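Asks: Model the structure of this input:
(chains A and B)
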Protein chains: 2
Amino acid sequence: MTTAQKPTIAVLGGTGDLGTGLARRWAKAGYALLIGSRTADKAEAAATELAAFATSTKPRGMANLDAAKAGDVIVLTVPFANAPALLDEIKAAVQGKLVIDTTVPLMPPRVARVQLPPEGSAAVAAQIRLGEGVRVVSAFHNVAAHKLAEIDRPLDCDVLVFGEKADDRAVAIALAEALGVRGLHAGPLANSAAAEALTSIIIGINRTYKADGASIRITGIPAVPKS
Amino acid sequence: MTTAQKPTIAVLGGTGDLGTGLARRWAKAGYALLIGSRTADKAEAAATELAAFATSTKPRGMANLDAAKAGDVIVLTVPFANAPALLDEIKAAVQGKLVIDTTVPLMPPRVARVQLPPEGSAAVAAQIRLGEGVRVVSAFHNVAAHKLAEIDRPLDCDVLVFGEKADDRAVAIALAEALGVRGLHAGPLANSAAAEALTSIIIGINRTYKADGASIRITGIPAVPKS
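Replies: The predicted structure is shown next:
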C-alpha cells in the first residue's frame, strides 16, 4: 500500500493506553493520525507527543466528534462503559464510514471473568447503536497495550478481525500488519464474542502465570499472504 | 503421576471423532479407559480397536450410563444437540464426580458462526443441568480431532481449562499433558464461552485459509511447570 492510498485514521479515545499504542505504530508506518479525546486539549497534547513517532503526516488532536468527522477510518478505543455515549455522539458523523471497534466488555471489578453483553458482543452492540449505514469491523482485542507502545518491540500475537464484508476486514488486516502482526479474517461480527471473551481469559492468565502481556496465536495455518 | 494414581477415564460419546482421538492418547499414556456409547455393541467395538494403543489396562466398552457409573473422571464428547439427553441420563450416576465437558455449541449448518447458548456457554448449561453436586470442568474445545487420532503427531496448541476449583482444573490439565499439549488454568466455568466460541472461529479459519486443523496458542507467558 503506498502512502497515497493510506486512509487517515481517527483514533477515538486515543489518549488511553490502547489508543496510544496503536497510534504510535500506525504513525511510524506512515499513516496520517487524528487523535480524538473528550477534550481537544488532551487530544492535542497526545498528538504533540505522538509526532515524535510519525514518519509522514503530522498527527493532529481534536475532540472525538471532530476526529470522527475528519477521519476516513474511525477506530474506537474507549472503555466499554464509555462506548454507548461515544457511539451516540458520533453516530451521524460516521454514517457511510468504516468503524473499527476494539471494545472489550470488561466489567470491573471482575475483569478476568467473561461477561458478554446481551447483544452477544460489544461489536454487535456497537453495530446496532450506529445503525446499518455504518460498516463496523472489530479487531485488536488481544494485543497488550504496553507492548504496542514500545514501538520496536516484536509482538508475538495474531489479530482476529470480524465483520460482515471481506473488503472491510481487509482494511483492519492491513492495519494489523502495520503494527507488525498478522491479521486474520475471522468471520462475521457476531464472532467477535470469541476475541472479546479471550481478553478476560488473558487478563486471568497474566495474573495466574505472572505473564507480562499474554496474547494468542492461531496455529496450523499455512503462511498468510500479506495484504 | 504414577499409574496407581491415574483415575479411570470414562469417555462418553467415545466412538466419535474427538472421543476416539482423546482415548487413543490417554490409553497410550497409561490411563484405564472406559468407552461409552449409546449402545454397548458400538462401544465394545471401539474399545477393541482402542486396545492396540493401550500401554496399561485394557480399555472396555459399555453403554454411556454404565461408563458414567464406573469411571472416576467422566469426559463428555457428544455433539451439542445430544448433550441435554445424555446429561439427564447420567445425572444421578455422576453426583460427586468430576465431569470434563468438551461440548462446543455448534449449530449446524452455520458452524463457523458463534452462537453461544442462553446460559452463556455449553459448560455452564451442563453444570446447571447436572446440579451443584457435580464438579464440572470444561476443556479440549480447540484440539483437532484428526490430529489427536494420529497419536505420534505433535500438536501445536494449548488447552484452556475452565472450572471453579483449581484442583479440578488440575486434573484436566494433567490429561492435556498426557495428550502432549500444555493445559492452562483459564478461570471459572463462565469463561468457557471464550474457548467454545473460538471453535467456530477455527472452523472458519480452516475454510478461509485452507488449514488442516488450526488451533490456538497462548503467547507471552513464562514456562508453565508440568503437573
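
Asks: show me what contacts A:Ala112?
Replies: Going by Cβ atoms under 8 Å, 6 or more residues apart in numbering or on different chains, A:Ala112 touches A:200-201, A:203-204, A:207, B:187, B:191. (C-beta placed from N, C-alpha, C; glycine too.)

Asks: For it, which three-state class applies?
Replies: coil (DSSP: H, G, I helix; E, B strand; the rest coil).

Asks: Regarding chain A, what is its longest helix?
Replies: Counting by DSSP state H, the longest helix found in chain A is helix A:192-208.

Asks: Could you check the angle that one makes with helix B:192-208?
Replies: Using axes from the mean of the first three to the mean of the last three Cα atoms, to 10 degrees, the inter-axis angle of helix A:192-208 relative to helix B:192-208 is 120 degrees.

Asks: CA atoms of helix A:192-208 as CSV?
Replies: Presented in CSV, the C-alpha positions along helix A:192-208 are these (Å, rounded to 0.1, in the frame of the first residue of the first chain):
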residue,chain,number,x,y,z
SER,A,192,-16.3,-11.0,17.9
ALA,A,193,-17.6,-12.6,21.0
ALA,A,194,-14.6,-15.0,20.9
ALA,A,195,-11.9,-12.4,20.9
GLU,A,196,-13.8,-10.2,23.4
ALA,A,197,-14.1,-13.1,25.8
LEU,A,198,-10.5,-14.1,25.3
THR,A,199,-9.4,-10.7,26.7
SER,A,200,-10.8,-11.7,30.1
ILE,A,201,-9.0,-15.1,29.8
ILE,A,202,-5.8,-13.3,29.0
ILE,A,203,-6.1,-11.0,32.0
GLY,A,204,-6.6,-14.0,34.2
ILE,A,205,-3.6,-15.9,32.6
ASN,A,206,-1.4,-12.8,33.1
ARG,A,207,-2.3,-13.0,36.9
THR,A,208,-2.1,-16.7,37.3
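
Asks: Which residues does stretch A:120-138 contact?
Replies: Residues contacting stretch A:120-138 (Cβ under 8 Å, 6+ apart): A:76, A:80, A:83-84, A:87-88, A:90-91, A:94-105, A:117, A:119, A:161-165, A:168-169, A:171-172, A:189-190, A:192-193, A:195-196, B:114, B:116.

Asks: quick check, distance from it to the centre of its chain.
Replies: Centre-to-centre, stretch A:120-138 and its host chain are 14 Å apart (Cα atoms, centre = their mean, to the nearest Å).

Asks: Show me the strands in chain A, by range?
Replies: Ranges of strands in chain A, per DSSP state E, are A:9-12, A:33-37, A:60-63, A:73-76, A:98-101, A:135-138, A:158-163, A:182-185, A:215-219.

Asks: Can I get these in TSV including mean pLDDT, distance to B:Asp152 and mean neighbour count?
Replies: Below are the strands of chain A laid out as TSV (pLDDT from 0 to 100; distance: least, Cβ to Cβ, whole Å; neighbours: other Cβ atoms under 10 Å in any protein chain shown):
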stretch	mean pLDDT	distance to B:Asp152	mean neighbour count
strand A:9-12	98	48	30
strand A:33-37	98	51	30
strand A:60-63	98	58	22
strand A:73-76	98	46	28
strand A:98-101	98	43	26
strand A:135-138	98	39	27
strand A:158-163	98	28	28
strand A:182-185	98	29	22
strand A:215-219	97	18	23
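
Asks: Contacts only, for the spatially most central residue of chain A.
Replies: Nearest to the geometric centre of chain A sits A:Thr102, at 4.0 Å (Cα atoms, centre = their mean). For A:Thr102, the contacting residues are A:18, A:22, A:75-77, A:138-141, by Cβ under 8 Å, 6+ apart.

Asks: Recalculate using a threshold of 6 Å.
Replies: A:77, A:140 (Cβ atoms under 6 Å, 6 or more residues apart in numbering or on different chains).

Asks: gap between it and chain B?
Replies: A:Thr102 is 17 Å from chain B, where distance means Cβ to the nearest Cβ, to the nearest Å.

Asks: Then A:Arg129?
Replies: A:Arg129 sits at a distance of 20 Å from chain B (criterion: Cβ to the nearest Cβ).

Asks: Repeat that for A:Gly14.
Replies: 25 Å.

Asks: re the thing from before, just the buried residues of the contacts of stretch A:120-138.
Replies: Neighbour-count burial (16 or more other Cβ atoms under 10 Å in any protein chain shown) is assigned, among the contacts of stretch A:120-138, to A:76, A:80, A:83, A:87, A:90, A:94, A:97-105, A:117, A:119, A:161-163, A:168-169, A:171-172, A:189-190, A:192-193, A:195-196, B:114, B:116.

Asks: re the thing from before, for the residue nearest to the centre of chain A, give me the pLDDT.
Replies: With respect to pLDDT, A:Thr102 scores 98.

Asks: likewise A:Pro225?
Replies: A:Pro225 is assigned a pLDDT of 64 by the prediction.

Asks: thinking again about what came up before, tell me if the longest helix of chain A is near chain B.
Replies: Yes. Counting by Cβ under 6 Å from any Cβ of the partner chain, contacts between helix A:192-208 and chain B involve A:193-194, A:197-198, A:201, A:204, A:208.

Asks: B:Ala45: which of those is nearest?
Replies: A:Ala194 (36.4 Å; Cβ to Cβ).
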